[in-house]
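Enquirer: Pasting the sequence and the predicted model now:
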Amino acid sequence: MTTLEIRGLHVSVDTPEGEKPILNGVDLEIGSGQTHAIMGPNGSGKSTLAYSLAGHPKYRVTGGSVLLDGEDVLAMSVDARARAGLFLAMQYPVEVPGVTVANFLRTAKTAVAGQAPPLRAWIKEVGTAMDSLRFDREFSERSVNEGFSGGEKKRHEILQMELLKPKIAILDETDSGLDVDALRVVSDGVNRAKATTGTGIMLITHYTRILNYIKPDFVHVFVAGRVAEEGGPDLAERLEAEGYDRFLSAV
Amino acid sequence: MGISTESRGSRLASFRLADFPFPTGREEEWRFTPLADLAGLLAGDLAAETVIQVQSQAGASSGPSAGLARTGAGKDRPGRGEAELDDGEPGEVGVRVTTAGRDHPRIGLAPAPGDRVAAAAWAASESATLVTLDATAAGSLTVVRVIGGDGSEPARPSATHLAILAGAGARGTVLLEHTGLARLAQGVEIILEEGADLTVIAVHDWAEGSVHAASHRIRLGRDAHLKHVTVALGGDLVRVTPHIELAREGASLDALGINVTDSGQHHEAQLFIDHAAPNCRSRVAYKGALLGPAAHSVWIGDVLIRSQAEGTDTYELNRNLVLAKGAHADSVPNLEIETGRIQGAGHASATGRFDEEQLFYLQSRGIPEELARSMVVHAFFAELIGQIGCGEVEDALKVAVDAKLDQRRNTHS
């Protein structure tokens, strides 16, 4: 059983106009096997939360704490966070020309597992995971994310999640830009990972559409850099009906 | 001479050494080069004693890459100095390798030397290695090795001249390798006749202490296509000056370059792409990595589109990865256009450190920073090597580039 504990998290970015606070005291707790939907209007700081947890150098933590099973995540390097069991499926995955998907996946798995996976079993596992995500196997020999369509990039992110088997996965708007079929395929992948490895999921989304496929246990409404309201799956239904206006006018 | 406001096309070019005064270092073509290191090569008193071996094999896609993979086998043709190479018995169909006098009708057809070292090399080379490919040379690979000393004695300033002549419709690849210890002034002339399609790859993997100035002088005929690749890995100073004249309508050039430059090394490429005929195309992509604090690289890309060169389509790119504080990359694109009726003309130059987003992405998957950096820099070159189009040379080059990069990682970390 793993717990990610976020307490009073404050994060700023540097802008030409000076330091700009984005997160203003975020409190969240996510356990193994749980799915937490983080919902909120554009600009509320959802992606900043995701990238801050992964350790992106652009974001400066100015207060609060993040603990993974009691270990101080904020003190870890980006790669150490991943090895500790955190995973971020990015909204805009980065192209790395010249590094093949096959090489990238094997190198990442070796780093996270602490040893190289047995080759034969690994190739089989990758192939099976690609098939179930309807991700053509020939992508193995292509450069990481280079020339991938939006949907292919998202499948590639979920493929990595399935193979790296993180304790906690943060999915940053994985649903954006996906058509209905792709959304189902990607959601199935997330549900598989949750079922087989008990991954705790932080599902960041603007829309409720993906929640038809990935059922949240908890819903957190994110406004102006903090959690404004929390509830069960019924909260998402209310948001679907009412929108975010109620929260925005209260700010 | 040597004033940067002058047209590139009016700069002095001559086969006569006496036409070139000793450079002061202020001239445009010399201002980035450590002239003191070239002293012996500027004098014009050069020996002709570098060993040249020529090996030719058919089918670029089969058989070992001779020198790069160190598994060379086949018809070696060693020759010392002016020693005669076999005449009349080509290694493979359509490829003939001979030694020819400087007055041979097929020698000296390329544009004239553009600097004093190039003129000195010409003056000292009374004979040349001549590689000719005819229309039956379809996809052959010819390996020419220029081998310096083994380091048991200091290298004497010396000169060689190589001429590569691809006849009408010839297709093939010539791999030119340089190893050992040398102080060498070299002329390489490359002539492509109508419709020829040739790849020339010059790999400079000299031993430490070597100094090499290579003047590549190239003329492309009607509808000819040349892929020209230069790779600088070893040596203290390697200066390659490709002068490529797109002389007839429809000629096409892809010029690729790689340098992996460590502390104490100076790797320089000065290109002059001369669009002298209509509807020609040129693409230049040079990439360099600077590994150590006193590494220095120079890239100059002069592109001239003459008034008659309507319909020209040209683009040049130079990218440098600076991996150590104190390392220095000079990058100077120049575009000179004498006609407005062109397809396109552009250039890009970027020198910087790592792409932080790429590093973040790899690290966010658990890959340690040092390994992530290594993957990014290997990938930086793999992308360019992949454009060479000759599988075995590509593989061997990846190994050689990786070895140089890893050697640095082991010594600097």
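Expert: Looks like it arrived, so ask away. Here the structure is a predicted model, which means the values were calculated and not measured.
Enquirer: Show me where the stretch 51-200 of chain A has its strands.
Expert: Here the stretch 51-200 of chain A has its strands, by DSSP state E, counting those that start in this stretch, at A:59-68, A:71-72, A:86-89, A:96-100, A:143-144, A:168-172, A:200-205.
Enquirer: Just the mean pLDDT for the fourth one, thanks.
Expert: What it means is strand A:96-100. On average, the pLDDT along strand A:96-100 is 89.
Enquirer: what's the answer for the last one, then?
Expert: When pLDDT is averaged along strand A:200-205, the result is 97.
Enquirer: Walk me through which strands it pairs with, and which way each runs.
Expert: strand A:35-39 (parallel), strand A:168-172 (parallel) (DSSP bridges).
Enquirer: Show me how far that strand is from its chain's centre.
Expert: Distance of strand A:200-205 from its chain centroid, counting by CA atoms, centre = their mean, to the nearest Å, is 6 Å.
Enquirer: what do you get for the longest one?
Expert: Relative to its chain's centre, strand A:59-68 lies at 17 Å (CA atoms, centre = their mean).
Enquirer: Output the strands of the stretch 51-200 of chain A in CSV, with mean neighbour count appended to each entry.
Expert: In this view, the C-beta of every residue, glycine as well, is placed from N, C-alpha and C. Putting the strands of the stretch 51-200 of chain A into CSV (neighbours: other CB atoms under 10 Å in any protein chain shown) gives the following:
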stretch, mean neighbour count
strand A:59-68, 17
strand A:71-72, 12
strand A:86-89, 27
strand A:96-100, 21
strand A:143-144, 24
strand A:168-172, 26
strand A:200-205, 25
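Enquirer: Where does the prediction get shaky in the chain?
Expert: Reading this off chain A. Within chain A, the ranges that satisfy pLDDT under 70 run A:249-251.
Enquirer: Correction: the question concerned chain B.
Expert: Looking at chain B by pLDDT under 70, you get B:1-5, B:49-51, B:54-92, B:408-413.
Enquirer: ok, residue A:170 touching residue A:199?
Expert: No: using CB atoms under 8 Å, residue A:170 is not in contact with residue A:199; the gap is 10.5 Å.
Enquirer: Residue B:336 belongs to a strand?
Expert: Yes: assignment of residue B:336 by DSSP: H, G, I helix; E, B strand; the rest coil places it within a strand.
Enquirer: From chain A, how far off is it?
Expert: Separation of residue B:336 from chain A (CB to the nearest CB, to the nearest Å): 31 Å.
Enquirer: is that residue in a bridge, and if so with what?
Expert: Note on residue B:336: beta-bridge partners by DSSP bridges are residue B:304.
Enquirer: my guess is it meets residue B:306, correct?
Expert: No: using CB under 8 Å, residue B:336 is not in contact with residue B:306; the gap is 9.0 Å.
Enquirer: more crowded one of those two?
Expert: Between residue B:336 and residue B:306, residue B:306 has the larger neighbour count (other CB atoms under 10 Å in any protein chain shown), namely 19 against 15.
Enquirer: Contact partners for the more buried one?
Expert: Going by CB atoms under 8 Å, 6 or more residues apart in numbering or on different chains, residue B:306 touches B:9, B:274-276, B:338-339.
Enquirer: let's see it at 10 Å
Expert: By CB atoms under 10 Å, 6 or more residues apart in numbering or on different chains, the contact set of residue B:306 is B:7, B:9, B:246, B:274-278, B:312, B:336-339.
Enquirer: Alpha carbons of stretch B:213-220, in CSV - could you do that?
Expert: In CSV, the C-alpha atoms belonging to stretch B:213-220 read as follows (Å, rounded to 0.1, in the frame of the first residue of the first chain):
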residue,chain,number,x,y,z
ALA,B,213,44.4,20.8,-44.0
ALA,B,214,42.2,19.3,-46.7
SER,B,215,41.1,21.2,-49.7
HIS,B,216,38.1,19.5,-51.3
ARG,B,217,37.5,21.0,-54.7
ILE,B,218,34.4,19.8,-56.4
ARG,B,219,32.6,20.4,-59.7
LEU,B,220,29.1,19.0,-60.4
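Enquirer: Compute the distance between the residue lying closest to residue B:128 once chain neighbours are set aside and chain A, please.
Expert: The spatial neighbour of residue B:128 that comes closest, neighbours along the chain excluded (CB to CB, 6 or more residues apart in numbering or on different chains), is residue B:161 at 3.9 Å. Taking CB to the nearest CB as the measure, residue B:161 falls 37 Å from chain A.
Enquirer: my guess is residue B:161 meets residue B:188, correct?
Expert: Yes: the criterion here is CB atoms under 10 Å, and residue B:161 meets it with residue B:188 at 7.8 Å.
Enquirer: Which one's more surrounded, those two?
Expert: Using other CB under 10 Å as the criterion, residue B:161 and residue B:188 rank with residue B:188 on top: 27 against 24.
Enquirer: Which residues are in contact with that one?
Expert: With contact taken as CB under 10 Å, 6+ apart, residue B:188 is in contact with B:110, B:118, B:121, B:128-129, B:144, B:146, B:160-164, B:174, B:176, B:200, B:202, B:214-218, B:240, B:242.
Enquirer: three-state assignment of it?
Expert: Put simply, residue B:188 is strand when judged by three-state DSSP.
Enquirer: now residue 134, nearest residue through space, not along the chain?
Expert: Going with chain A. The shortest distance from residue A:134 to any non-neighbouring residue, by CB to CB, 6+ apart, is to residue A:185 (5.4 Å).
Enquirer: Chain B is the one I meant
Expert: Excluding its sequence neighbours, the residue lying closest to residue B:134 (CB to CB, 6+ apart) is residue B:167, at 4.5 Å.
Enquirer: before we move on, what about residue A:33?
Expert: That would be residue A:198: by CB to CB, 6+ apart, it lies 4.7 Å from residue A:33.
Enquirer: Make sure the one you found is actually in contact with residue A:169.
Expert: No: counting by CB under 10 Å, residue A:198 stays clear of residue A:169, with 11.1 Å between them.
Enquirer: Which stretches in the chain count as helices?
Expert: You didn't pick a chain, so chain A it is. A:46-54, A:78-84, A:101-113, A:119-132, A:150-164, A:180-197, A:233-242, A:245-250 (DSSP state H).
Enquirer: my question was about chain B
Expert: Applying DSSP H to chain B gives helices spanning B:39-42, B:116-124, B:356-363, B:369-385, B:391-412.
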